[in-house]
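Student: A predicted structure for the sequence below; I have some questions about it.
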Amino acid sequence: MDYRIYDVEDESTDSEESYKENNKRKQRWMLLILSSIILIAFISLYIGNKTFDAFEITRAIFTGETSTTIGGFIWKIDIPIAIAAILSGAMLSIAGTAMQCVLRNPLASPYTLGISNAAAFGAAFSIIFLTGNMNAYSTPISAFVMAMVATGLIILLTKVTRVSSETMVLAGIAISAIFSAGMTLMQYIADPIQLSSIVTWTFGSVSHTNWKWDFVLLVVMLVAVLYFYPRRWDMNAMNAGDEVAKGLGVDTKRFLTVGMFMSAVITAFVVSKFGVISFVGLLGPHMARTIVGDDHRFLLPMSMLTGALLLLVANIIALNVALPRILPVGLLTSLIGGPTFIYMLIRRYRAS
């Protein structure tokens, strides 16, 4: 079904020619940001490697040699970390875009709905009661399970109570507060070693990754794209309200359930491995909207690009700004995302 609901900018165009030019402008923006991601990721391989000169690093990159010290460092540590930052940022951002669409609230995101904090509680529970320390398997699994529990609560509240999208975000904040209280309790009863593991995990970091986990992230991201992008017209219809969407043939209840579930799965895969990385799922979509508007044909890919760029830059800063210490990337995303988001809210208010 080829129904179309364009954003305000598209509706204001008076001719087909200007409409096509507007779409080309959005495509150029996407190409520019994609090129920036590739360039910044490439430059990041040189930043912080003060032990080796630029020629050695360049040779290691283009030969793919891993037997040398610099080659192993580049191909087994630096490149997987850069890829993990790009994929994680894209995944959190598309999850935020989907949540904002199905709940019709621009403040909805994995962080504001409590999913990230639920995963953090699951990880802390695993560290204290299941393994006694951070475990490569039990900690991510426990975090994943609790993220899905939080999502189930949100979907249940939406279906049973039929509350407004604004109330749902408030309910998400309440859920987040409950799991945050649980986290505080876990930290209170933890011994010093367990407490160190919990704090390290909850700070958020993409540094402990590898090629295998990057491949897992890539597969999950592709599944999300294959689900959401073919439904871009449905998402455009959802922007106009339930009644309009139903009139255009969209099963709004099913889309709400499946859309929230898919968004939670995406978030859970990222948070369960890398910890709480706040604001990316909220700020990425807003950055994309300022460039391409609300048309999900462009908003979905653009939000993935802006989220990837945001987390990549934040991770580079976190790894290098306080050497030899490494700052948590979750701290950086909050410091970058908070003020920027406030600025965007003020700009949006003035524009309206």
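Tutor: Noted; the coordinates are in hand.

Student: OK, contacts around residue 230?
Tutor: By CB atoms under 8 Å, 6 or more residues apart in numbering, the contact list for residue 230 is empty. For every residue, glycine as well, the C-beta is placed using N, CA and C.

Student: is residue 143 in a helix, a strand, or coil?
Tutor: helix (DSSP: H, G, I helix; E, B strand; the rest coil).

Student: if I look at it, how far off is residue 176?
Tutor: According to CB to CB, to the nearest Å, residue 143 and residue 176 sit 15 Å apart.

Student: where's the residue most central in space within the chain, which helix or strand?
Tutor: Nearest to the mean C-alpha position of the chain, by CA atoms, centre = their mean, lies residue 92 at 1.4 Å. Per DSSP states H and E: residue 92 is located in helix 79-102.

Student: repeat that for residue 282.
Tutor: Using DSSP H and E, residue 282 falls in helix 280-292.

Student: residue 67 now?
Tutor: Using DSSP H and E, no helix or strand contains residue 67.

Student: got the buried residues for the helix or strand containing residue 70?
Tutor: Using DSSP H and E, the element containing residue 70 is helix 69-73. By 16 or more other CB atoms under 10 Å, the buried positions in helix 69-73 come out as 70, 71, 73.

Student: other SSEs contacting that helix?
Tutor: Packing partners of helix 69-73 (3 or more CB pairs under 8 Å, 6 or more residues apart in numbering; DSSP states H and E): helix 54-63.

Student: contact partners of the helix it packs on?
Tutor: 42, 45, 46, 49, 52, 65, 68, 70, 71, 73, 74, 75.

Student: about what we covered before: between the buried residues of helix 69-73, which sits nearest residue 32?
Tutor: Set against residue 32, the nearest of these by CB to CB is residue 73 (30.6 Å).

Student: show the pLDDT at the closest one.
Tutor: Confidence at residue 73, expressed as pLDDT, is 86.

Student: and for residue 319?
Tutor: At residue 319, the model reports a pLDDT of 87.

Student: what's the answer for the one 10 residues further on, then?
Tutor: Reported pLDDT at residue 329 in the predicted model: 89.

Student: check the spacing between it and residue 289 real quick.
Tutor: Counting by CB to CB, the gap from residue 329 to residue 289 is 24 Å.

Student: between these two, which one's more packed in?
Tutor: Counted by other CB atoms under 10 Å, residue 329 and residue 289 do not tie: residue 329 has more neighbours, with 28 against 22.

Student: contacts only, for that one.
Tutor: 85, 204, 205, 206, 277, 311, 314, 315, 318.

Student: coming back round to it: what distance separates the next helix or strand after the helix holding residue 282 from the middle of the whole chain?
Tutor: Once the chain leaves helix 280-292, the next helix or strand it forms, by DSSP H and E, is helix 296-320. Computed by CA atoms, centre = their mean, to the nearest Å, the separation of helix 296-320 from the middle of its chain amounts to 8 Å.

Student: surely residue 213 and residue 81 touch.
Tutor: No. Look at residue 213 against residue 81 with CB atoms under 8 Å: they stay out of range, at 10.8 Å.

Student: these two: who's more crowded?
Tutor: For residue 213 versus residue 81, neighbours defined as other CB under 10 Å are more numerous around residue 81 (24 against 20).

Student: circling back to that earlier point, may I have the helix holding residue 70 exported as CSV, CA atoms only?
Tutor: The C-alpha trace of helix 69-73 is given here as CSV (Å, rounded to 0.1, in the frame of the first residue of the first chain):
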residue,chain,number,x,y,z
THR,A,69,52.6,-5.7,17.6
ILE,A,70,51.1,-2.7,15.8
GLY,A,71,49.1,-4.9,13.4
GLY,A,72,47.6,-6.9,16.3
PHE,A,73,46.9,-3.7,18.2
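
Student: and the contacts of it?
Tutor: Against helix 69-73 from outside (CB under 8 Å, 6+ apart): 49, 52, 56, 57, 60, 63, 64, 65, 66.

Student: gap between the last one and residue 322?
Tutor: The one in question is residue 66. Applying CB to CB, one obtains 29 Å for the distance of residue 66 from residue 322.
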